[in-house]
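Chemist: need a 3D model of the following:
(chains A and B)
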Amino acid sequence: MSEPSGIPNTGAGRKLAVVAVLISLTLGLSGFFMGLRQTELASADSRPRIEMVQTADKGSPEIDVPVAPLYAELPSGKLRLNKDWVVHLATLKQPAPEAQYVVASLSPADLARLRATRTTRRQYDGAPPVAPHPLDQLTPVACLECHGKPTKIGNTQVSQISHPVYTNCIQCHVSSAGPSSTWKERNVALSEGNSFSGKEQSGQGTRAYVGAPPAMPHTTWMRDDCMSCHGPGGTVALRTSHPNRQSCTQCHAVNAALDSRLASGLPPPLPISDWKTDSIR
Amino acid sequence: MTMDRREFLRNTAMAAATAVIAQRLGAVETLTETSAVTKTPDGIRWDKAPCRFCGTGCHVRVGVKDGRVVAIQGEQLAEVNKGLLCVKGYHVGGILYGKDRLTTPMLRRNGQLEPISWDEAIDTIAKRVLKDPKGFAFYGSGQWTIPEGYAAQKFMKGGLANNHIEPNARLCMASAVTGYLSVYGVDEPAGCYDDLDAADVIILWGNNPAEMHPVLFSRVIDRRTKGQTVKIIDIGTRRTRSTEFADEYLEFRPQSDMAIANGIAHLLLKNDAWDKAFVEKHCNFRGDNQPLDLLGKPISFDDYRKAVEEYTPEFVEKISGVPAAKIRMLGELFAKRDIRITSLWCMGMNQHTRGTAINRLVHSIHLLSGHFGKPGDAPTSLTGQPSACGTAREVGTMCNFLPGGRLVVNAGHRKESEEIWKLPEGRINPKPGYHTVQLFEKFCTPTDKGGDIHTVIVQVTNPGQSLPNLHKLFKAKQGLEDKFLIVSEVYPTATTELADLVLPAALWVEKNGIFGNSERRTQQWFKQVEPPGQARPDAWITIAVAHRLFELGHPGMKDREGNFIFTIKDEKGAEVPAWDFAHYEDVNVDKALYDEYRLFSFYKHKHLAPYDVLAKARGLRWPVVQGADGSWNETKFRFTEGSDPFVAKGKGIQFYHSVTKDDKALIWFCPYEPAAESPDGDFPTWLCTGRVLEHWHTGTMTMRVPQLRNAMPNAYVEMNPDDAAASGLGNGDMAVVESRRGKIELPVWINGRARPPRGTVFVPFFDERLLINDVTLGEPCPISKEPDYKKCAVKVYRKATANVLPEKTIPHG
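Modeler: Alright, predicted model coming up:
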């Protein structure tokens, strides 16, 4: 990042100052919306944006420049709205959840595209997907802001967390775009140079008869929220036609045979004393 | 904990049962007692294996289809990770399939590596050794499987009567070893990972488990999600991801951790808050000899009290920069009897010019305060390699050890080893060999100037990148015509660059193996896929070289009955020519080597389970002792009655390998001493090196996995924003990091993966294009001989020309 430069008090300078105001407003607003818990680290983060604003302030006394808030001040409550701060959150209209929901009707091409995207984001079916965006490299607190509930950003449907919340997201999910925008070498194609060929996504589940609820073609290991993929915010092909029903496994059975650690063929119910894997102790 | 396990099993059993009722699709093999193998209808065969990377020792399930690994799952039946992995573990399958895998032996002729046959390669090595066996050295690592390390150990010390065998673990946890030995008289942690579930307070001593041991760290922080309280105290030199989860962060000046530990001891004594009953019953006091040695000299309690007297909180603040109030906070914590405290450390304390001393001090404050031996009360060192404990420490593949905690200098130990190996008496050389730094110094010094190591074989490690001060300890080999470097590897590395002979090695599940993790857990796996091309297991390479020497008439390759030292027999007692690769898999060579090695494990009460028992388990923690009912029982808490079968009834806690032979451990005093090199006018900045989450060690494996490489494509210098501004550096600018030993150019990352305080920078060592070990000092601890990679003085300045990474690139993927 470059040193903050002084802005001369001219017409051009004024334009620059306006740009500075816009920048600081944008920063302020986005900071407000993200509303993240940040540690005192942020206060140690003296990036030039603040200095730039102050320089502009000195150079153009007639402009009342709001200072972008620090994330660190949000939890402490020190943050006050300045007079230019306009919040439209409460007045924003959201369509009713039912109205938002459209049962996916996908062409084979759509399906192929979705599957291809899905494949590029994981080493094999079942691997933790990589993030197609840079990740904050210190804390995982921001992840759930977008991935915790159905979210759409622009035209992009954000993928939802399908497993219970573990504390440290970035233990398993890393960026496929490098740690930050300053990195030179990025987006190495996932197939280039490494011939690992991962287990493919399972196909459709089987049905006992026409109209029967399909069985799950995949395991549910570590995934307990069916709606993350199959619900209104789902990013992949199969969306449920009945999102109001809560107990998926009432009708859709898990196929035990797909579970790599289970031995089928054992007569149910299985007495614990017969459980063969713990015979050492 | 047993309840958790029972519950877990019940739940899985229930799930299985309901699922089976629900529907039956496809036939599945039944899990049997002897197998962890299942098959799923998608044609995938699943089997267990420990992860290839760090010392945590997670178990994975490896999915294999058409002879190739296609998927990985966390093994839910493994107590270590309970189904969870980190990003490296999930992608571990990819390490087998980088496009530049080495597949054929290659000999350097006229500067070029040219393919040769295995027979030629083995013959070349054997003849090199035969010419002058004394000048031959074997360099391995904590990534050797136990049988591989054992074969190398027997070949060198039992066969060649040559003690120049070292693991890279010397660079990694030798100080932890000398710490345990000098405090308890026997190596390795008394506690285990179960402590992490029970501790009220976890103290991280220069440790960043959120990146380095993520599964263990999650085990701690996920307790909070379950509503439990666990206080994390991070004592560190830079803010890391672990700090983000810590309740307290104590930032200390490099090297001053010793003052902090002494400050805690000072407060315990001053406030009369030490555990008198525990100390009276279980501890003696100890101080250093001059010159420093492993066991020091006895001191009285009064001597001890006087020694720690000066370490007042204010004095500690002056040395360490940690506010006196925070030191008092630590003192008060240790004074509490009703809480459980677990200390964790890894390279921060081990790669330290006073590594042995700081290890002793942390053990000592736990002993002094009685925070020892109860679940959650433990001083526990973590290891960075999958079998640093199993192979380097237990097999004793170091220049001064024999297997099972024995010493080469001890006549009785040599005799016992010769007995188990059926060698003629007096075969084993009583003089310790060269430790790692010496070994490479001797190898890189011209023969006529005293460089008496002429040939080194390297297996499963990458010294050309991981040694400190590379110009002196590795690159100086270049141009020394009579020196010969043999490297058994899976990919081209910084080490193969200078190799005269390259051997393609089998990797991970391409061979049978056994690892030993940080909590004394021995874990076995079976071969699951074929290695590529002509790649072969390292144990075979060692046995084949030994046999070629046997053929050439080296007397050491015969035992006292005249048989080849690696005589391996099948179940019917018939000899199997395992040195002939065509017959290597006729018998389980791992099992033969391991069951022989196991005989060594009883002396220090590190009883290992038999191979067949291990094969059924997801790892077992030694000592593993057979109960009256025939079951094999592992040990969670060593030296603690009720858990450790070797503690006498009524003792409570018994240090039965005590240095002082009275069942007592030693509380040490060691003074704070400054670092070997501190910043000064010319080189004003501290340099710390280490790892990042996505890459493991020198990156030879993880840099070839696209998902990991994309997440962290190259090394960088992590800078404090004020330092960067003062040097006119911005994110992505190329900076020069220069020490008295060398310099490299790196992109700047301001407040990068962690936040270094002013006057310090951090550089990870995974990137072979940006070798930070050209710069490091590597001054070793005088007792453990482990070099310090965490502290040296550098200057960081802006590079004048354009921002470009070096031309040389690692092939992607």
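
Chemist: closest point of the stretch 551-700 of chain B to chain A, which residue?
Modeler: At 4.8 Å from chain A, residue B:617 is the closest residue in the stretch 551-700 of chain B, using Cβ to the nearest Cβ. From N, CA and C alone the C-beta is placed, and that goes for glycine too.

Chemist: so who does the residue nearest to residue B:454 when sequence neighbours are not counted touch?
Modeler: With Cβ to Cβ, 6 or more residues apart in numbering or on different chains as the criterion, residue B:454 has its nearest non-adjacent residue at 4.2 Å, and that residue is residue B:135. Residue B:135 sits next to B:452-455 when contact means Cβ atoms under 8 Å, 6 or more residues apart in numbering or on different chains.

Chemist: now residue B:776
Modeler: So residue B:776 contacts B:468-469, B:687, B:689, B:739, B:741, B:787, B:789, B:792 (Cβ under 8 Å, 6+ apart).

Chemist: how near is residue A:135 to residue A:144?
Modeler: Relative to residue A:144, residue A:135 is positioned 13 Å away (Cβ to Cβ, to the nearest Å).

Chemist: the more surrounded of these two?
Modeler: residue A:135 (22 against 13; other Cβ atoms under 10 Å in any protein chain shown).

Chemist: mind listing what the closest residue to residue B:162 other than its chain neighbours touches?
Modeler: In space, and not counting its chain neighbours, residue B:162 is closest to residue B:156: 5.2 Å by Cβ to Cβ, 6+ apart. Contact analysis of residue B:156 by Cβ under 8 Å, 6+ apart lists B:138, B:162-165.

Chemist: over to residue B:156. Which of the three states is it?
Modeler: Secondary structure, DSSP: H, G, I helix; E, B strand; the rest coil: residue B:156 is helix.

Chemist: tell me the pLDDT at it?
Modeler: For residue B:156, the model assigns a pLDDT of 98.

Chemist: my guess is residue B:716 contacts residue B:747. True?
Modeler: Yes - taking Cβ atoms under 8 Å as the definition, residue B:716 is a contact partner of residue B:747 at 5.1 Å.

Chemist: who has more neighbours out of these two?
Modeler: residue B:716 (28 against 23).

Chemist: the closest residue in space to that one that isn't next to it in sequence bridge partners, please.
Modeler: Spatial nearest neighbour of residue B:716, excluding adjacent residues (Cβ to Cβ, 6+ apart): residue B:749 at 4.2 Å. In this structure, residue B:749 bridges to residue B:718 when assessed by DSSP bridges.

Chemist: that older thread, pull the number of nearby residues for the residue of the stretch 551-700 of chain B closest to chain A.
Modeler: 26.

Chemist: drop anything exposed from the contacts of residue B:135.
Modeler: B:453-455 (16 or more other Cβ atoms under 10 Å in any protein chain shown).

Chemist: got these as CSV, with secondary structure, distance to residue B:675 and pLDDT columns?
Modeler: Shown next, in CSV, are the buried ones among the contacts of residue B:135 (DSSP: H, G, I helix; E, B strand; the rest coil; distance: Cβ to Cβ, whole Å; pLDDT from 0 to 100):
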residue, secondary structure, distance to residue B:675, pLDDT
B:453, coil, 29, 97
B:454, coil, 35, 97
B:455, strand, 35, 98
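
Chemist: about what we covered before: which pLDDT value belongs to the residue of the stretch 551-700 of chain B closest to chain A?
Modeler: 90.

Chemist: what does residue A:120 give?
Modeler: Reading off the model, residue A:120 has pLDDT 86.

Chemist: again with the one 10 residues further on
Modeler: You'll see residue A:130 listed with a pLDDT of 90.

Chemist: just the strands in the stretch 101-250 of chain A please.
Modeler: A:152-153, A:156-157 (DSSP state E, counting those that start in this stretch).

Chemist: determine which stretch of those is the most buried.
Modeler: Highest mean neighbour count of these: strand A:156-157, a mean of 13 (counted as mean count of other Cβ atoms under 10 Å in any protein chain shown).
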